[in-house]
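Asker: Okay, sequence plus prediction incoming.
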Amino acid sequence: MSNIHPKQNENEAILSQEELDNLVKKYDSESNFRNSRGLLKIFITITCVVLSLFHVYTSGFGLLNEISHRATHLTFIMGLLFLVFPRKEPKNKPLSMVLGFAYGGFYLFIGNQLATALSGQIPAWQVYSIYLFTIIISISALPLSFLREKAGRVGVLDWLLAIMGASFSGYLVFFFQEIFVINIGFPQPEEYIMGGMAILLVLEGARRTMGESLSLIGVVSLLYAIFGPSLPGMMAHRGYDIIRLVEHLYLGTEGIYGIAIGVVATYVFHFVLFGVLAQASGLGKLFIDLASVLSGRYVGGPAKVSVVSSGFFGMISGSPVANTVTTGAFTIPMMKKYGFSGRFAAATEAASSCGGQITPPIMGASAFVMSEMLGVPYNELILIAIIPAAFHYLAALCMVHFEARRLGLKGMPASEIPRLSNVLARHWHQMIPLIVMVSMLLMQFTPFLAAFWGIILTVVCSYIPLILKPMGFTRLDADSVLTPKKLIEGLEEGAKQSIAITAACACVGFLLGVTTLTGLGFKFSGAIVGLATDLGTWFSALVPFGLLDQSGVILFFALVLVAIACILMGAGIPTTPTYIILASIVAPALDDFGIAILASHFFIFYYGVLADVTPPVALAAYAGAGIAGSEPMRTGVTAFRLSMGKALVPFMFVYAPSLLFLNFDAIEFALAMFSGILCIVALSSAYIGFFNAELSTMQKRLLTVAGLILVGNNPWLIAIASAVVLTILYRNHIAGNQSLSLSS
């Protein structure tokens, strides 16, 4: 019987580029751009190109002062946001109306608070202007039929919001000397007006780009700060009026212009732009070809190509959804073609694509935020992340391998696998920017300087085929050339891709600012510690003879509670703002258990990323399901199981910090590596139900229990669990060989 299925299923179809773009827009709100036309398109393109060139210049030749640089970035972004992103069409009209009126009411409440506080200090016309502005932005929050816009057109309301959005940050840039030098510590009424405008526009901007989840966090943060004295128990605090909030969130680096915007304006933007230009120059094709060379010939080759290529591509892609669609357009049909189900193919692509953000040497934007927040050099984070990332991909490859063996699939035919020499001959020039950038990161150059040279070399090296082809280098990929048209499109796309993440991080600034004012992080962590202590004490009492260490059980429950909080917080919110939120209010809970700060931050980072493949909001998995034609929710469940390594590794490096090279102990490291690898093999085979032969129900249960025990650090329990796993796997290995001998 043939193990290769070259004929596609009847229901399989390769989607057009337009259909793929629509999938990205559907599941990735960060890419849901308005299809602008005419003069509007020209204006947006010019503005985006200027913003990109501003960042390229400052990354290579020096940044502005902290406030001016962040405010300049936000001036462009908020001016573009309401022009680039259309108003969202309500999916559930009654719910949208309720939410719209709730947001509108909140905006009116803030505006009234500000106008009342400033009444008597400013002329009456300025008081009325506050009310007028508040009414305008409140109307924009409502899903009213008369506000619907024609395709590619921007309404008067959005133009007003765009102008006001650019104004509040531009005000800080133009009057920097008066605000932060001459009158520092004595804000003027006009600054409070601009600050109130900033708060409302950031909330509405985050709502338009990211949906209700993140903006709701911002709203709750502000209400928590205002109504602190009315709250019960440990959540109560002294409370802050709107004047104190505006001053704290707008005039300084504790709120809107805090560390989140700082990282976007100095790190994230540059790497997003590099990723866009690198993809335009054909680096994605190089990754797929290299993955085919490395893994295509082995059992389950197409799925292994998906895992490897998505890991490569995810390092330069800031969005798991965009990564899933970009590589999945090629790998998902290929996996279905060679015998994998559509659900498994889509889940494999989604799980692998999400892994790119945890994979060195170029991890997701959150890694740069972590470096900035903890003061840890980025080159150290790269080394720390190696082992955990390797475990994630080991788990994905194991399950792909066992599934292929279970289905009796082989690798790709040699005719479909490119030769390594041909791949390098065509694409070697595209590797130069990546190699230089990674080398600079490892040599401790600043990340934005490394990104600067990566961007410059991407453009320069794309022209190498034009220079060398007349000399006889005819095999070079000429499609890689970034012509002026492609370069302008890349600069525009890079700026557009940064709009949503900037708006999200500005909104996260509300939570960070309120946390520093009220001590919210310590209150939240105290609640987690208290609940974990109660659960751990209760559970330990159920186990006789003191077999379980109570402190260890309490730590376990604390980790579970933090993991749940991370997944819930990450539902529908990009990884970077998710990490910033979690690092502020959740990470302190783990510090109380004596966990190394890097281990606790990596723990929340991993679970924040895991949210993209965790139902019910598994956006990357849903995008993959759209390509494969599979059922989205079941695909999300499968993707979560395929991401098992990412879910278990955080527990491993908390129990054995040596996996992160923290307080390194050779014995602890060796034991953790052995138990970690055996754990992944055991759970992978249990999930697939195969290890050289079909596993019985009892065997799957034993492997699951033993595999979970291997996550811990108790040597005796590891020894017992290892014996169980090795016995079952050995018996099945022998049974599989005997079955093969009989069939032959």
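Answerer: Alright, I've got the coordinates.
Asker: wait, residue 658 sits on residue 713?
Answerer: No - using CB atoms under 8 Å as the test, residue 658 is too far from residue 713 to be in contact (10.2 Å). Any C-beta I mention is one placed from the backbone N, CA and C, and that applies to glycine too.
Asker: so what sits against both of the two?
Answerer: 668, 672 (CB atoms under 8 Å, 6 or more residues apart in numbering).
Asker: count of neighbours near residue 534?
Answerer: 12 (other CB atoms under 10 Å).
Asker: Equivalent analysis for residue 32, please.
Answerer: Residues near residue 32, counting by other CB under 10 Å, number 19.
Asker: In this structure it contacts residue 87, no?
Answerer: No - using CB under 8 Å, residue 32 is not in contact with residue 87, being 10.8 Å away.
Asker: per-residue confidence for the closest residue to residue 733 other than its chain neighbours?
Answerer: Of all residues not flanking residue 733 in the chain, residue 692 sits nearest, at 4.7 Å (CB to CB, 6 or more residues apart in numbering). We have a pLDDT of 81 for residue 692.
Asker: residues contacting residue 692?
Answerer: 405, 732-733, 735-737.
Asker: now these in JSON lines, with neighbour count?
Answerer: Shown next, in JSON lines, are the contacts of residue 692 (neighbours: other CB atoms under 10 Å):
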{"residue": "405", "neighbour count": "18"}
{"residue": "732", "neighbour count": "20"}
{"residue": "733", "neighbour count": "13"}
{"residue": "735", "neighbour count": "15"}
{"residue": "736", "neighbour count": "16"}
{"residue": "737", "neighbour count": "12"}
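Asker: Go through those and name the one nearest residue 94.
Answerer: Distance to residue 94, by CB to CB, is smallest for residue 405 among the contacts of residue 692, at 50.3 Å.
Asker: who does the host helix or strand of that closest one touch, helix- and strand-wise?
Answerer: Per DSSP states H and E: residue 405 is located in helix 386-407. Contacts defined by 3 or more CB pairs under 8 Å, 6 or more residues apart in numbering; DSSP states H and E place helix 386-407 against helix 301-314, helix 342-355, helix 632-642, helix 644-655, helix 666-688.
Asker: just so I know, which of the ones you listed lies nearest residue 523?
Answerer: Of all the helices and strands packed on helix 386-407, it is helix 644-655 that lies closest to residue 523, at 23.0 Å by CB to CB.
Asker: Residues contacting that closest one, please?
Answerer: Contact with helix 644-655 is made by 351, 354-355, 358, 387-388, 391-396, 399, 555, 559, 563, 590, 595, 599-600, 602-603, 606-607, 609-610, 640, 659-660, 672, 675-676, 679-680, 683-684, 687, 711-713, as judged by CB under 8 Å, 6+ apart.
Asker: what number of residues lie near residue 309?
Answerer: 29.
Asker: Skip the chain neighbours and tell me the closest residue to it.
Answerer: Counting by CB to CB, 6+ apart, residue 309 lies nearest to residue 291, which is 3.6 Å off, once chain neighbours are set aside.
Asker: helices and strands of this protein: which one has the lowest mean pLDDT?
Answerer: The weakest-scoring helix or strand in the chain, judged by mean pLDDT, DSSP states H and E, is helix 17-27 (a mean of 68).
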